[in-house]
Structure formats: structure tokens, C-alpha cells
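**Q** Here is the input, now give the coordinates:
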Amino acid sequence: MTDRAAGRTVVVTGVESGGLDGLSVALADGTRLDVRTVDADDLLAKLDGADALVVGDNLPASDGIETFHRVRAAGWDLPVLLVGRTVDPDRVETALSAGVTEYLAAWSDDRGAELAARIRAHVTTPALDGMVQANRWQTIAESLVHDVKNPLNVAAGRLELLNAGDEHSEAIERSVGRVESLLDELSTVAGVAGPIESVEPVDLADMAGKVWRDVGGSADRLTVEAAGTVRADPDCLWLILERFFENALVHASGDAAVTVGSTETGFYVADDGPGVPAADRERVFEQGYGTAREGEGYGLFVVESVATAHGWDVLAGESEAGGARFEVRAR
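**A** Below you'll find the model as predicted:
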């Protein structure tokens, strides 16, 4: 074992039943991991100083996925590993799709060394954990946006005092505005970089109407054929609809007619604008592809990032009116 793993603290919970009682002992034996077993009810209060969390996943006595969501909702981004006594491929897939760091199925007492090795790999190289990566990226991006905007504000203020001529002043103002716009987009991308922590039923028709009004669309140009709810993070669903609507309004010169409808596995947004060329429909979600947001190349890239975090796919196609049609499907 590497020296970097020495003295690492691992909290273990949910092992009181289901044949996992020996898990804590198996982890501590022959390692320098500091293993603490805590009751599920006291878990959040006893995570200070922990480098990793191991949760026994044994329904109904211990729901490891629910515990994972509870830990993330409380703001803890340490690696979370689930351990199950039996092999259930669907359960493993659900856990990993939710963002769980590792799932060790078919637990037996002689697999303590394997679990310890997995823990050491995550606590000594935490950047391998998706949640840790996302949080670090968001912190860096937010700091960068804040630091760069201050000198930009100074530059914009001094520009007003210069007598550089209308042509030069306008060009500089456009460039400053462009950088500010890019920074705003960077902040947005950072905000949706990590896994979705929780979802709830959102009325699609109600939200579509609110977002359409917010982006300045005319009430008579929106048709909502959607019924029911979508399980999503409300802020993220708002962002997806906002980007689709902006894309339609800009490409159709503000006069787009947009339809939002339900499908068997999700929803779609269609317009009567010029549409997306068939050759570009797979590229339109790439970072750097020229989009409605003044060519930053983040508009639909953000849409796909948010959709992927929800476990959705986004497809670009042609609407019945010959415009663009974007479909969001649950996998």
C-alpha cells in the first residue's frame, strides 16, 4: 500500500444487517485505513475528516443510493462506494448512473483487500471521482469569471473617457462585450458540469410558457402540446428550453413559431425557422459550433451537457414546417 493512503479515514455505514457485519473489520485488517462505523441516522454529523464513505446497499434495510443522494445534497463530495452482498446488474447500473463512485457487488469477507484497494485509489487520487472533478472545475471557473470581469469593467469605464472615434470605440465595445458574454457562458457551463443531484416532477407546459415569455417570444407564436410532467432539475430544464427558444428566435429573426410537445420518452421543441442542415445535425451540439448565441458555440453544447447529466439523449432533426426539431429522450 502506498504511503499516501496511510492515515486515511473511511466511514462505513449501513452494514448492520444483510451479512455485511464483517465489512468494517475486513477493511481495517492489514491496512492503515482508519475505519469508523457509524449509524445511518448520525451519518451526516460524523463525516467531518472522512476521506471516503462506504455504504452497505441492502434493500430495504439500507438503501445505498438514497444515502448517496443524502450525502451529496448535504454538500459532501467525498468518494462514495456502495457494497452489495448479491449481484443485481440493474441495481449496479442505477447506482453508477446516479453518480456513485464505485459499486462492489457480490461482497464476501475475503474481498476486503479488493475494496480497500478501490478506496485507496479514490482517496489518493480524488480527481478520478466525477463529483470532485465537477466541483473543482466549477470553483475554478467561477473564480476565473470573477477575476477577469473586474479588469473588464475598468476597461469599459476608461473606454468612455477616450476619444478614439466612433469606429474604433464601437469595435472595442463589441470586443469587451464579447468577452463578457463568453465569461457568462463559461460560468453557465461550469454550473452544469457535474451530476444532477436531485430531480422532481416539473410541469412541462407551464415551464415552457414561462421560459418563452422570459426570452421575449410573442404569446401567439408558441404552441404547447405537451401534457404531464418531466422528472428534472427545474433550473436545468429551464436552461434547456431557454437555449432552444433563443436558437429559434435568433435564426428566424425574432418571428419564429415554436411548438413544444410530448413524446413517449421525453419531449421536443420544433420551430419554423431555416432549420439545421442535415450534414450538421450531429455537430450542432459540439462546443465551438456556431449557434444562436452570437457564435459562442456554447448554446446547444450546454443543452447536451445538461441532458447527458440527466441521462437523456438530444437529437436534432427537421420539423414539419421545415425548421429545426430538437427531441430530448430518456435513455
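
**Q** CA atoms for contacts and neighbours, from now on please.
**A** Noted.

**Q** Just the strands from the chain, written as ranges.
**A** Using DSSP state E, the strands of the chain run over residues 9-13, 34-37, 52-56, 80-83, 102-104, 200-203, 222-224, 229-232, 258-262, 266-271, 312-318, 324-330.

**Q** a markdown table please, covering these and showing mean pLDDT.
**A** Listed next are the strands of the chain as a markdown table, based on pLDDT from 0 to 100:
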| stretch | mean pLDDT |
| --- | --- |
| strand 9-13 | 90 |
| strand 34-37 | 87 |
| strand 52-56 | 90 |
| strand 80-83 | 91 |
| strand 102-104 | 90 |
| strand 200-203 | 92 |
| strand 222-224 | 93 |
| strand 229-232 | 88 |
| strand 258-262 | 94 |
| strand 266-271 | 93 |
| strand 312-318 | 90 |
| strand 324-330 | 91 |
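
**Q** how about a markdown table for these, with mean neighbour count and distance to A156 added?
**A** Converted to a markdown table, the strands of the chain look like this (neighbours: other CA atoms under 10 Å; distance: least, CA to CA, whole Å):
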| stretch | mean neighbour count | distance to A156 |
| --- | --- | --- |
| strand 9-13 | 23 | 50 |
| strand 34-37 | 19 | 55 |
| strand 52-56 | 25 | 47 |
| strand 80-83 | 26 | 46 |
| strand 102-104 | 21 | 49 |
| strand 200-203 | 14 | 41 |
| strand 222-224 | 17 | 38 |
| strand 229-232 | 17 | 39 |
| strand 258-262 | 21 | 37 |
| strand 266-271 | 24 | 37 |
| strand 312-318 | 19 | 39 |
| strand 324-330 | 21 | 37 |
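
**Q** could these be laid out in TSV, adding distance to E114?
**A** Shown next, in TSV, are the strands of the chain (distance: least, CA to CA, whole Å):
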stretch	distance to E114
strand 9-13	15
strand 34-37	15
strand 52-56	13
strand 80-83	12
strand 102-104	9
strand 200-203	37
strand 222-224	53
strand 229-232	36
strand 258-262	46
strand 266-271	40
strand 312-318	33
strand 324-330	34
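
**Q** out of those, which comes closest to A248?
**A** Shortest distance between A248 and the strands of the chain, using CA to CA, is found for strand 266-271: 6.3 Å.

**Q** and the closest one, what other elements does it pack with?
**A** helix 234-251, strand 258-262, strand 324-330 (3 or more CA pairs under 8 Å, 6 or more residues apart in numbering; DSSP states H and E).

**Q** Next, the angle strand 312-318 makes with that strand.
**A** Strand 266-271 runs at 30 degrees relative to strand 312-318, counting by axes from the mean of the first three to the mean of the last three CA atoms, to 10 degrees.

**Q** quick one: strands adjacent to strand 266-271?
**A** Neighbouring strands of strand 266-271 in its sheet, by DSSP bridges, are strand 258-262 (antiparallel), strand 324-330 (antiparallel).

**Q** what angle do the last one and helix 234-251 make?
**A** Counting by the same axes, to 10 degrees, strand 324-330 lies at 160 degrees to helix 234-251.

**Q** got the contact list for strand 324-330?
**A** Residues from elsewhere that reach strand 324-330 (CA atoms under 8 Å, 6 or more residues apart in numbering): 244, 248, 265-276, 307, 311-319.

**Q** Run through the residues that contact A219.
**A** Neighbour list for A219: 212-213 [criterion: CA under 8 Å, 6+ apart].

**Q** and it, how far is that from L204?
**A** Separation of A219 from L204 (CA to CA, to the nearest Å) stands at 16 Å.

**Q** what sits against G261?
**A** Here G261 is in contact with 224-227, 267-269 (CA under 8 Å, 6+ apart).

**Q** what about 6 Å?
**A** Neighbouring residues of G261 by CA atoms under 6 Å, 6 or more residues apart in numbering: 225-226, 267-268.

**Q** Go through these and say which is closest to L43.
**A** For the contacts of G261, the minimum distance to L43 (CA to CA) is 38.7 Å, reached by F267.

**Q** gap between that closest one and L204?
**A** 9 Å.
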